[in-house]
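>>> What follows is a predicted protein model with its sequence.
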2 protein chains.
Amino acid sequence: MHVKQLDTPVVVVDLDRVEANIARLQRYLDVHNIANRPHIKTHKIPSIALRQIDAGAVGITCQKVSEAEVMADAGIGDFFIPYNILGRVKLDRLMHLAARVRVSVTADSAYTVHGYAAAASRAGIELPVLVEFDSGTQRCGVQSPQEGAALARLIAESPGLHFGGLMTFPHNAHSDDFVRETKILLQPDGLDVPCVSYGGTPAMWTAHERSEVTEYRAGTYVYGDRAILKSGAMTLDQIALSVICTVVSRPTATRGILDGGSKTFSSDLLGMEGHGLVLEYPEARFYGMSEEHGHVDFGECARRPEIGERVTVIPNHCCPVSNLFDSVVGVRGGEVEETLPVAARGSVQ
Amino acid sequence: MHVKQLDTPVVVVDLDRVEANIARLQRYLDVHNIANRPHIKTHKIPSIALRQIDAGAVGITCQKVSEAEVMADAGIGDFFIPYNILGRVKLDRLMHLAARVRVSVTADSAYTVHGYAAAASRAGIELPVLVEFDSGTQRCGVQSPQEGAALARLIAESPGLHFGGLMTFPHNAHSDDFVRETKILLQPDGLDVPCVSYGGTPAMWTAHERSEVTEYRAGTYVYGDRAILKSGAMTLDQIALSVICTVVSRPTATRGILDGGSKTFSSDLLGMEGHGLVLEYPEARFYGMSEEHGHVDFGECARRPEIGERVTVIPNHCCPVSNLFDSVVGVRGGEVEETLPVAARGSVQ
C-alpha cells in the first residue's frame, strides 16, 4: 500500500531515515569513545529499540519502570531509568525488573536513596544508583558538587546499592566543571565515578567537547522534529516522523483547517510560534489548534491548498506525538512496510 | 482499595460528581426545553456516555467517526459528528455506521456536501447534514448567512441528503442573528431549520439566553477543569477529574518536582499561567513541565511538601488528559469503585 492510500490523520515513520539516524549517532559516539544509551521515550517501540541495540547501543534509557517492563519483555537486557523512583508499589516493580535485567537508576535526595536501599535489601539485589545533578533546567538534581558528593557517599554506604556515577540533562560548559569538582570531593573516600551520563538531541554533536562524559542519552534523534530542525542538530531530509493530514475546510481565502489538532500534535510549542511545519506549504503558519482541528493561515503561500488535499506536517515535538497514537506506520520510499504498535505508550507509572 | 493506595500518576474520577454534573446540566436544559447532546470527546468512556443518555440526553456528539463506532458498539443509537468528513475510506466507514445507528454530520463547503451525497447514494442511506457556521473561533464554518443558505439549499437538493439545520461552537450574541438571517434567506425555498445546535461548557448556563438554540453540546461539564473553574461555569467542589501525583524531588527550598508532566497533563495552557491547580497547595505555581516531570514553585506556600508526599492536581484542560490515559479510576468517597477504560481514545481517524 502506498502512503497516499492511508486515511488521515496518520503518523508516518520513514524507516530508512530512522536507520540512518540511528547509525549516524552511533558512529559519532563510537568515534569519540562515548557509550550510547538512547532514550526510548521518543518512539516507545520495541523493534526500534532493538535496532538501536543492534547498531551498537550498550542499552537503553527509559523514563518509567513501566516502559522498561515493556522493553524487557521484548528482549532488551540493559536499562537506565534516570528518575527518582519512589513508593513501595513502584520500587517493588523496579526490583522485579532488576531481578531479570540490568537496571540502574538515579537519585537526587536521601529520601530516594533510602527507598532504593530498603527495596534492594528486601529483594537481595545490588542496584547501581547515579546521582542526578542540575545543569540549569531547574528540574531534578542536586544543586552543588558538595551535595552530589554527600549523596554519592550515602549511596556507597547503603546496603544493596552502589554508586553508579553522575547524570544530567542537558549538558553544557558547566557540566564538566560540576563533575570534576564532585570527583575531587570524592577522592578522599576512594570513590570512583564509573559513569558520567549526559543527554539530549539538540546538543548531541557537541558531546565530544565534554571531556567528562562517558555515556550519552539521546531520544529525539531517532525521528527528529521542528524543534530539532531549529536547533540545527538535524536537517529536513533526516526527519523521519511526519503527520499526514487532510485539509477539511477552507473557510476563507487564506485559512485552511486540517484534520489534526492537539490530540494529534500535542500542544507543545517548545518556544516556537505555531504547531508545526507544513512541508508542501512552508510559508503556512498554524494560528491555532483545537483538539481535532489544526488552524492554518496559508495567506503567505503563493499557492493555497484545495479542500481534500493532503499535507505533511513536521510536528514541533515528536515525542508527545508518538505517545498519542496506538501505532505509527513504517514506510520506505512511500510504500507501507509495517504497522508499528507504540507498545510502551500508556505506560504511565 | 482507597485512592491513597493507587500508584501515581493516576487519573481519578469522582463518580458522584460526574453523576451530579450530568444531572445538573440535564435539568437546566430540560427546564429550557433544549435538547441535550453531550460531547463524549472529554471522557471517551462508553459507561459515562450511557449515564448521559439514561439521564435524558437525546444522543451524543462525537468528533470522529472512529469514536462513534466505539460508542455504537456500546449500545448508543443516536450520533452527531460535527465535522467535515472527507475521503472515500472515512465516508464508507460513516455509511457503515449510518446503516446501524442514527447519524448526522456537518459541512461548511460544497466539496464536503458532494462527498456525503456520493457516499449516501452509494449506500442507499438518507444522511442529515447540518451547516456549520463560524461564530468567531476562526475554525471551520461558513462566514455569512448567504453562504450558509446556499449550502443548505445544496444539501436539500442533493440525493441521499437532507438539510439538518445549523451548528456552531461556541455561541454568543451574534449566533442568533446569524441563524435568524439564514432562516429568512431560506424562507422563499420553503426550507425549515429543524435543529440549531450550539455548544461549549464555559457558556452552557447562558444557553437559554439564545432564543434560536434547539440542541446543546457540552463535553467538559462532565468532569470540569481549571479552565472551566476560571470561566465560572463550575465550582471547585463540582470538579470530578483530578490527577494524583507524587512529589519526587525537592531540589531547592522552594521548588518541587511531580511525577506527572506533559505526557500526563498535556501542554494545554488555554490562556492561563501554569499547568494546573495543586489542591493541597493552592499558591503553588507550575513554572515548567517536561514529559514526565511537573516543575512546581512552592515558594508562596506557607507549608511546603515533603518528598514522597502525594498531591492532587486539577489540570488546565481535562479532555487531553483523559485522552492520554488508557484508563481512569472511578471513585466514590475516596474508595475505588471501578477502573474505566478510555475505550474511544486512540480513535484518531
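Perfect, thanks for sending it. Because the structure is predicted, anything quoted here is derived from the model rather than measured.
>>> Give me the domain ranges for chain A.
In terms of domains, chain A is parsed into A:3-9+A:226-341, A:17-222 (source: automatic domain parsing).
>>> quick one: the shortest one to chain centroid distance?
Taking CA atoms, centre = their mean, to the nearest Å, one finds domain A:3-9+A:226-341 lying 20 Å from the centre of the chain it belongs to.
>>> is that domain anywhere near chain B?
Yes: judged by CB under 8 Å from any CB of the partner chain, domain A:3-9+A:226-341 and chain B are in contact via A:7-9, A:246, A:248-252, A:255, A:257, A:259, A:262-264, A:266-269, A:287-288, A:290-293, A:295, A:306-308, A:319-320, A:323-326. All C-beta atoms are positioned from the backbone trio N, CA, C, and that covers glycine.
>>> Report how many residues lie close to residue A:119.
23 (other CB atoms under 10 Å in any protein chain shown).
>>> That one contacts residue A:91, correct?
Yes: Residue A:119 is within contact range of residue A:91, at 3.9 Å (criterion: CB atoms under 8 Å).
>>> what about stretch A:130-139, how long is it end to end?
The first residue of stretch A:130-139 is 16 Å away from its last residue (CA to CA, to the nearest Å).
>>> hang on, the earlier thing: mind putting the domains of chain A in JSON lines, mean pLDDT and distance to residue B:277 included?
Below are these laid out as JSON lines (pLDDT from 0 to 100; distance: least, CB to CB, whole Å):
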{"stretch": "domain A:3-9+A:226-341", "mean pLDDT": "98", "distance to residue B:277": "18"}
{"stretch": "domain A:17-222", "mean pLDDT": "98", "distance to residue B:277": "21"}
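>>> what comes up buried for stretch A:85-94?
A:85-87, A:90-91, A:93-94 (16 or more other CB atoms under 10 Å in any protein chain shown).
>>> Take these and keep only those in helices.
If you go by DSSP state H, the buried residues of stretch A:85-94 have A:90-91, A:93-94 in helices.
>>> what's the most distant pair in these?
Spatially, the most separated pair among those is A:91 and A:93, at 7.3 Å (CB to CB).
>>> thinking again about what came up before, filter the residues of domain A:3-9+A:226-341 next to chain B to the buried ones?
If we count by 16+ other CB under 10 Å, the residues of domain A:3-9+A:226-341 next to chain B have these buried: A:7-9, A:246, A:248-251, A:255, A:257, A:259, A:262-264, A:266-268, A:287-288, A:290-293, A:295, A:307-308, A:319-320, A:323-325.
>>> From the contact counts, what lies against the helix or strand residue A:248 falls within?
Residue A:248 is located in strand A:241-249, with elements delineated by DSSP states H and E. Judged by 3 or more CB pairs under 8 Å, 6 or more residues apart in numbering or on different chains; DSSP states H and E, strand A:241-249 is in contact with strand A:10-14, strand A:255-258, helix A:262-265, strand A:310-315, helix A:318-324, strand B:78-84.
>>> Which neighbouring elements make contact with the second one?
On a contact count with 3+ CB pairs under 8 Å, 6+ apart, strand A:255-258 meets strand A:241-249, strand A:294-297.
>>> out of these, which comes closest to residue A:274?
strand A:294-297 (8.6 Å).
>>> Chain A: helices as residue ranges?
A:15-31, A:46-55, A:65-73, A:88-98, A:110-123, A:145-157, A:173-186, A:226-231, A:262-265, A:318-324.
>>> Quick one: list the elements packing against the fourth one.
Here helix A:88-98 touches helix A:65-73, strand A:102-107, helix A:110-123, going by 3+ CB pairs under 8 Å, 6+ apart.
>>> among the ones you listed, which is nearest residue B:184?
Nearest of these (CB to CB): helix A:65-73, 59.2 Å.
>>> Next, the buried residues of the closest one.
Buried positions in helix A:65-73, judged by neighbour count with 16+ other CB under 10 Å: A:65-72.
>>> Repeat that for stretch A:73-85.
Residues A:76, A:79-85 are the ones in stretch A:73-85 that count as buried (16+ other CB under 10 Å).
>>> same check, this time on stretch A:3-14
Buried residues in stretch A:3-14 (16+ other CB under 10 Å): A:3, A:6-14.
>>> Specify which member of those is nearest to chain B.
Nearest to chain B, judged by CB to the nearest CB, of the buried residues of stretch A:3-14 is residue A:7 at 4.3 Å.
>>> for that closest one, what are its contacts?
B:87, B:89-90, B:349 (CB atoms under 8 Å, 6 or more residues apart in numbering or on different chains).
>>> What residues does the stretch 51-200 of chain A have near chain B?
A:63-64, A:83-84, A:86-87, A:89-90, A:108-109, A:111-112, A:115, A:134, A:137-143.
>>> Can you say which of the residues you listed are buried?
By 16+ other CB under 10 Å, these give A:63-64, A:83-84, A:86-87, A:90, A:108-109, A:111-112, A:115, A:134, A:138-142 as buried.
>>> that older thread, dump the helices and strands packed on strand A:255-258 to TSV, plus distance to residue A:172.
Converted to TSV, these look like this (distance: least, CB to CB, whole Å):
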stretch	distance to residue A:172
strand A:241-249	27
strand A:294-297	34
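>>> Which among the ones you listed is found nearest to residue B:341?
Nearest of the helices and strands packed on strand A:255-258 (CB to CB): strand A:241-249, 25.6 Å.
>>> Now do the closest one against strand A:10-14, angle only.
Calculated by axes from the mean of the first three to the mean of the last three CA atoms, to 10 degrees, strand A:241-249 forms an angle of 150 degrees with strand A:10-14.
>>> Apart from its chain neighbours, what residue comes closest to the residue nearest in space to the middle of chain A?
Central residue of chain A (CA atoms, centre = their mean): residue A:219, 3.2 Å from the mean position. Spatially, and ignoring its direct neighbours in sequence, residue A:219 is nearest to residue A:39 (3.3 Å; CB to CB, 6 or more residues apart in numbering or on different chains).
>>> For burial, what's the neighbour tally of that neighbour?
27.
>>> ends of stretch A:315-328, how far apart?
14 Å.
>>> For residue A:129, give the beta-bridge partners.
Beta-bridge partners for residue A:129, by DSSP bridges, are residue A:105, residue A:163.
>>> my guess is it meets residue A:105, correct?
Yes: applying CB under 8 Å, one finds residue A:129 in contact with residue A:105, separated by 5.7 Å.
>>> tell me the contacts of the residue of chain A positioned farthest from its centre?
The C-alpha centroid of chain A is most remote from residue A:253, which lies 39.5 Å away (CA atoms, centre = their mean). Applying CB under 8 Å, 6+ apart to residue A:253 gives the contacts residue A:304.
>>> got it, and the one 10 residues further on?
Residue A:263 makes contacts with A:291-292, A:324, B:320, B:323, B:348, as judged by CB under 8 Å, 6+ apart.
>>> Among those, which pair sits farthest apart?
So, these by CB to CB: farthest apart are B:320 and B:348, at 13.3 Å.
>>> What's the separation between the nearest residue to residue A:31 once chain neighbours are set aside and residue A:135?
Leaving aside its sequence neighbours, residue A:31 sits nearest to residue A:208 (CB to CB, 6+ apart; 7.9 Å). Distance of residue A:208 to residue A:135, given as CB to CB, to the nearest Å: 17 Å.
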